[in-house]
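> Predicted structure and sequence below. I'll ask about it afterward.
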Amino acid sequence: MSPEPAHLVNDLLQPEAYPHHVDSVELRETHGAWVFLAGPYAYKLKKPVNFGFFDYSTRGLRDADADAEVRLNRRLAPSVYLGVVDVVERDGTVHMGGDGRTIEHAVWMRRLPEEGMLTALLEHNEASPELMQRIAGIMARFHERAATGPGVDEFGRPANIEANWHENLDQVRPDISITLTAGEQELVERYVAGLLRDKCDLLEQRIAEGRICEGHGDLHAGSICVAGGRIVIFDCIQFSARYRCADVAAEVAFLAMDLDHAGRTDLSSAFVEEYVRCSRDEELRVLLPFYKSYRAFVRGKVVSLRLGQDDITEEERRDLKILARSYFDLASGYAKS
């Protein structure tokens, strides 16, 4: 029988739980994982939860996801994703590695400097057009090598794109008048229907040209770090091919939208222009507002969903509403362009 989550987390917050020297352990928590920052390393442990779009409710599912996370992230960050380590119970306490009864698997990563995160660089006005151009070059080369063809191409078909949009539009209907207006919802719906009707041939042509690939899936500023002069792109989506496989325009649009949202349209433009130059994908420009709108709408939805959590303060709830509204405003703005 495995320890209760609270017991497991408490044990792994102790420096002696690790096989290397650790002065103190910091915990970072997401809706799907606990991340333990211990000395030069980070260890990610999946929570036993099922949110529908990912399911970690059994040990087998969590183990498979840990293996997939390492395998897929090594495509862009091989020096960061070191492997999967056993979480063991020994003498009544939980340890990271070593002898004992294996109770979980954790993703073992090299720790990245927080001051090098693109989010931090943006906050301190230290991100440059040259940095965006370097990121664009990395992503263009990555997309050129990424898997495409059967098992991937179908995610770029108009019917699947439409299904993804309808799912998101339906999921935010309860939030109308809370984080977005009925007018914004209707505007985006009309825009999506019009583009899918008018650009259907282009979307099919993108498939024939190999522009649908198994990408990163979550390319925003929080997934990029500058460490020792190197650019590290990490934390791809491993739990769903549907979210990871898409037109390269959708991937480029995510970071471009994130930079727009941060008020840095200059950096967004530098990133897009260099990507187009490196990839020779001029048609990407036609679809960029469509996919930017999609990415902004999804971000608004995700922030809105957090409003349903019971453990947030009224101040946090107010800030989340403001943040969600800003994304929905951006999504509707792209739909007007």
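That came through fine. Numbers count the residues shown, from 1 in each chain.
> quick one, domains of the protein?
Domain assignment for the chain by automatic domain parsing gives 5-111, 116-336.
> which one of these is the most hemmed in?
Mean neighbour count, computed with mean count of other CB atoms under 10 Å, is highest for domain 116-336 among the domains of the chain, reaching a mean of 18. Glycine gets a C-beta too; all of them are placed from N, C-alpha and C.
> Between the two ends of that domain, what distance do you get?
End-to-end distance of domain 116-336 (CA to CA, to the nearest Å): 35 Å.
> Show me the residue sitting in the middle of this structure in space.
The centre of the chain sits closest to Asp218, judged by CA atoms, centre = their mean, with a distance of 2.9 Å.
> picking that back up, would you mind giving the domains of the chain as a markdown table with mean pLDDT added?
Listed next are the domains of the chain as a markdown table, based on pLDDT from 0 to 100:
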| stretch | mean pLDDT |
| --- | --- |
| domain 5-111 | 95 |
| domain 116-336 | 96 |
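> How is the residue nearest to the centre of the chain assigned, secondary-structure-wise?
In terms of secondary structure, Asp218 is coil; the call rests on DSSP: H, G, I helix; E, B strand; the rest coil.
> And for it, nearest residue in space, chain neighbours not counted?
Once flanking residues are discounted, Asp218 sits nearest to Ile237: 5.0 Å by CB to CB, 6 or more residues apart in numbering.
> part of a strand, is that neighbour?
No - using three-state DSSP, the secondary structure at Ile237 is coil, not a strand.
> measure it to Tyr243 for me?
Distance of Ile237 to Tyr243, given as CB to CB, to the nearest Å: 5 Å.
> Likewise for Ala208?
Going from Ala208 to Tyr243 by CB to CB gives 23 Å.
> How about Tyr56?
Counting by CB to CB, the gap from Tyr56 to Tyr243 is 16 Å.
> likewise Trp165?
For Trp165, the distance to Tyr243 (CB to CB) stands at 14 Å.
> swap in Pro150?
Going from Pro150 to Tyr243 by CB to CB gives 19 Å.
> List the residues that contact the residue nearest to Leu180 when sequence neighbours are not counted.
Closest residue to Leu180 apart from its sequence neighbours, by CB to CB, 6+ apart: Phe328 at 3.9 Å. By CB atoms under 8 Å, 6 or more residues apart in numbering, the contact list for Phe328 reads Thr179, Leu180, Glu184, Ala296, Phe297, Gly300.
> Tell me which helix or strand Phe328 sits in.
According to DSSP states H and E, Phe328 maps onto helix 314-336.
> Repeat that for Gly83.
Going by DSSP H and E, Gly83 is in strand 81-90.
> After that strand, heading C-terminal, what element do we hit next?
strand 93-96.
> Indicate each strand paired with that following strand and its parallel or antiparallel sense.
As defined by DSSP bridges, the strand partners of strand 93-96 come to strand 81-90 (antiparallel).
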